[in-house]
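Asks: what's the 3D shape of this:
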Amino acid sequence: MGDRPHAGDVTSVGTSPVGTGNPATDFSLALLSALVRHGVRDLVVSPGSRSQALALAAAELERSGSARLHVRIDERSGGFLALGLARETGAPAVVITTSGTATANLHPAVLEAHEAGIPLIIVTGDRPEELRGIRSNQTTQQDGLYAAAVHWSEDVDAPTGARDEGDRASALGAAAVRAAVGADTADPGPVHLNVAFREPLSVAVPPLPGPLQGTLPAMAGPEALGRDVLTIGGGPRTVVVAGADAGPVAEEFARDGGFPLLAEVSSGAHFGPNLVVSYRELLRDDTFGGAVERAIVFGHPTLSREVPLLLTRADVEVVVVAPAGAQAYNPGHRARIVGGVHAADTIDVRSPEVRGWVGRWVFASRRIAEQAEREADPAAVAPDVEKARSFDPADALAFASAELAAIRAPITRALLAEAVWRYTWPHDRLVLGASRLIRDVDRIVPGKKITVHANRGLAGIDGTIATATGIALASQSAARAAGAPSGVTRVLLGDLALLHDVGSLLMGAGEMRPHLQVVVGNDGGGTIFDGLEVAATATSDAFDRVLYTPQSVDLSALASAYGWQHSVVRTKGELDQALSAPPAGTSIVEVPLPR
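Replies: Now for the predicted structure:
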């Protein structure tokens, strides 16, 4: 937990524009107004008694056009919804809950935000000091609840109506935003405001005179962490590794330096001429992986075992680029951590040496991908176009038969991964759950510059639907405001990840339903465990009972109960149709897969 930002260093934004005489209401409106005046736009509320003043203030900020309000009855869903909103926009989203177990339900989202560097502001209502420690109803130790997972926390005494409370609330809101975005520390993440309230807990909130507006403070540069920008020259045989959230800067650097790019699908750098899709296979090959002398790492690699093995080799120089975040990925405990890199001007990317090094990787990767495609489906031969142009009835019949066979081809994991990638465009969003399928996508899809999100901070299956909903709401709202195509947000995940977050399918009255398509590969359980060592040693009964965890939920009935459209696709043709024209609103595409 970091030191508290100095509220005295923050320009006061003044007290609440309206006064009610109720300390809880006036403090809540001043606090939330300050958050909005410092760039916050999304407020997520879960209903509860102790936080009612905060909830009503949030409703007024929505009515006045100052903020977007989202209401979720399940705090865990609300936390991950806020995570998705913040992940897409880069601005902190605010989560408001009542006291007691409500606060604990936010912990998974707080942990993911901490590990992934996502700005969140958690505001929890609490009992005042005199009701703590006496077993008062719905009261627990909320101060310090999230421990080291929050970058700053403050236990706020119950407001009493003192004259300076509006200014204190405003300064508190300003400091919370600065801490969440890392304005002084270059370490963005979640912060926690635990606000006590005494009865009476609220009164009606008078209308605000107009919408509030504000600008988000910028995150500090890497110099705040004591990290330098490094110039990388030629010489050592170098690869660029891009993990989750690396961003397009990794691709640009690889191109500028003439280095092979080993970019995970959730990196934001899975494109460009230097991309090596089959990096796992090549890293295991001594003539490729064994020849690497230096690795430049961006983001958080999590999708293979080959990358950490490379980075722990004693003969490989490792440079980790971490412009933000107190933690940096360093599996070998010996990497040089820097704030940024750029390729030296002396590197000639057109020289035979540079072109030969990167070209070997790229062309070998393409050959591996082509061979894997043939082995996965030897019968998948493209229809002969020349036969389609022939006047011979036998040729026409052969072409039609081949075309029909392709349409009726059964869906494999590889085919599903390829199709979802192929039908996702730059104005869309793709969210990949922590299921077996994200690794299938990472192994096979070609380069394409699209926006991909995945919760890889802790790589858990928690909150996948809620996170995707937040991403969809934020991206589509921004597109509408800009007059641009809003596209669809598509989620690819396994059946257990869907069922783990089934409560997030619930969107209550008054809540906007985004254009969101959930594609679930249903193999009846956790087949990701089939690829682990335990599958070869445990008895089949024990393995299935505690790891595979078979399920036979009727997803159609589940979708109907929550008001989602549902379809089942079993062939390539049906899958292409479902992905090429997703229905408006929220829908689930169920794809049965073999174990």
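
Asks: need the longest helix for the protein.
Replies: helix 352-376 (DSSP state H).

Asks: pLDDT of it, averaged?
Replies: Averaging pLDDT along helix 352-376 gives 89.

Asks: so which elements touch that helix?
Replies: Packing contacts for helix 352-376, counted by 3 or more Cβ pairs under 8 Å, 6 or more residues apart in numbering; DSSP states H and E, involve helix 279-283, helix 413-422, helix 436-444. Where you see a C-beta, it was placed from the backbone N, CA and C, and this is true even at glycine.

Asks: list of residues touching it?
Replies: Contact partners of helix 352-376, identified using Cβ atoms under 8 Å, 6 or more residues apart in numbering, comprise 234, 237, 239, 258-260, 273-279, 281-282, 288, 347-349, 380, 412, 414, 443-444, 446.

Asks: which of the residues you listed count as buried?
Replies: 234, 239, 258-260, 274-279, 281-282, 288, 347, 412, 414, 443-444 (16 or more other Cβ atoms under 10 Å).

Asks: partners of the residue lying closest to A263 once chain neighbours are set aside in the sheet?
Replies: With Cβ to Cβ, 6 or more residues apart in numbering as the measure, A242 is the residue that lies nearest to A263, at 3.9 Å, once sequence neighbours are left out. Beta-bridge partners recorded for A242 (DSSP bridges): A263, F298.

Asks: can you report how many residues lie near A242?
Replies: By other Cβ atoms under 10 Å, the residues close to A242 number 30.

Asks: quick one on the thing from earlier: I'd like the helices and strands packed on helix 352-376 laid out as JSON lines, including mean pLDDT and distance to R132.
Replies: As requested, the helices and strands packed on helix 352-376 are exported to JSON lines (pLDDT from 0 to 100; distance: least, Cβ to Cβ, whole Å):
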{"stretch": "helix 279-283", "mean pLDDT": "98", "distance to R132": "53"}
{"stretch": "helix 413-422", "mean pLDDT": "95", "distance to R132": "50"}
{"stretch": "helix 436-444", "mean pLDDT": "95", "distance to R132": "43"}
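
Asks: quick one, which of those gets closest to R72.
Replies: Ranking those by their distance to R72 (criterion: Cβ to Cβ) puts helix 436-444 first, at 25.2 Å.

Asks: check which element follows that closest one along the chain.
Replies: Beyond helix 436-444 in the direction of the C-terminus, DSSP states H and E gives the next helix or strand as strand 451-453.

Asks: list the helices and strands that following strand packs on?
Replies: For strand 451-453, the packing partners by 3+ Cβ pairs under 8 Å, 6+ apart come out as helix 75-89, strand 429-432, helix 464-482.

Asks: can you lay out these as TSV showing distance to E130?
Replies: Listed next are those as TSV, based on distance: least, Cβ to Cβ, whole Å:
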stretch	distance to E130
helix 75-89	26
strand 429-432	45
helix 464-482	36
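
Asks: of all the ones you listed, which lies closest to G340?
Replies: Closest approach to G340 among the helices and strands packed on strand 451-453 is made by helix 75-89 (22.1 Å; Cβ to Cβ).

Asks: I'd like the average pLDDT over that closest one.
Replies: This predicted structure assigns helix 75-89 an average pLDDT of 98.

Asks: do the same with stretch 520-527
Replies: Confidence for stretch 520-527, expressed as mean pLDDT, is 90.

Asks: how about stretch 469-477?
Replies: Model confidence over stretch 469-477, given as mean pLDDT, is 98.

Asks: L498: how many residues sit nearby?
Replies: Should you count by other Cβ under 10 Å, L498 turns out to have 27 residues around it.

Asks: touching, it and V520? I think so.
Replies: Yes: counting by Cβ atoms under 8 Å, L498 touches V520, with 4.9 Å between them.

Asks: which residues do those two both contact?
Replies: The contact lists of L498 and V520 share L555, I588, where a contact means Cβ under 8 Å, 6+ apart.

Asks: rewinding a little: could you dump the helices and strands packed on helix 352-376 to JSON lines with distance to T101?
Replies: Putting the helices and strands packed on helix 352-376 into JSON lines (distance: least, Cβ to Cβ, whole Å) gives the following:
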{"stretch": "helix 279-283", "distance to T101": "42"}
{"stretch": "helix 413-422", "distance to T101": "37"}
{"stretch": "helix 436-444", "distance to T101": "31"}
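
Asks: which one, of those, ends up nearest to P485?
Replies: helix 413-422 (18.1 Å).

Asks: same for the closest one, what does it pack against?
Replies: Using 3+ Cβ pairs under 8 Å, 6+ apart as the contact definition, the elements that helix 413-422 packs against are helix 352-376, helix 436-444, strand 489-494, strand 516-522, helix 572-580.

Asks: now with 6 Å?
Replies: Secondary structure elements in contact with helix 413-422, counted by 3 or more Cβ pairs under 6 Å, 6 or more residues apart in numbering; DSSP states H and E, are helix 436-444.

Asks: quick one: contacts of the helix it packs on?
Replies: Residues external to helix 436-444 that are found in contact with it (Cβ atoms under 6 Å, 6 or more residues apart in numbering): E264, V265, L303, R413, A414, A417, L432, L492, G521, T527, I528.

Asks: with respect to S587, which of those is nearest?
Replies: L492 (13.6 Å).

Asks: pLDDT value on that closest one, please?
Replies: The predicted local confidence for L492 comes out at a pLDDT of 98.

Asks: next, count neighbours for the residue nearest to G189 when sequence neighbours are not counted.
Replies: Ranked by Cβ to Cβ, 6+ apart and with sequence neighbours excluded, the top spatial neighbour of G189 is H151, at 4.5 Å. Other residues near H151 number 26, with proximity taken as other Cβ under 10 Å.
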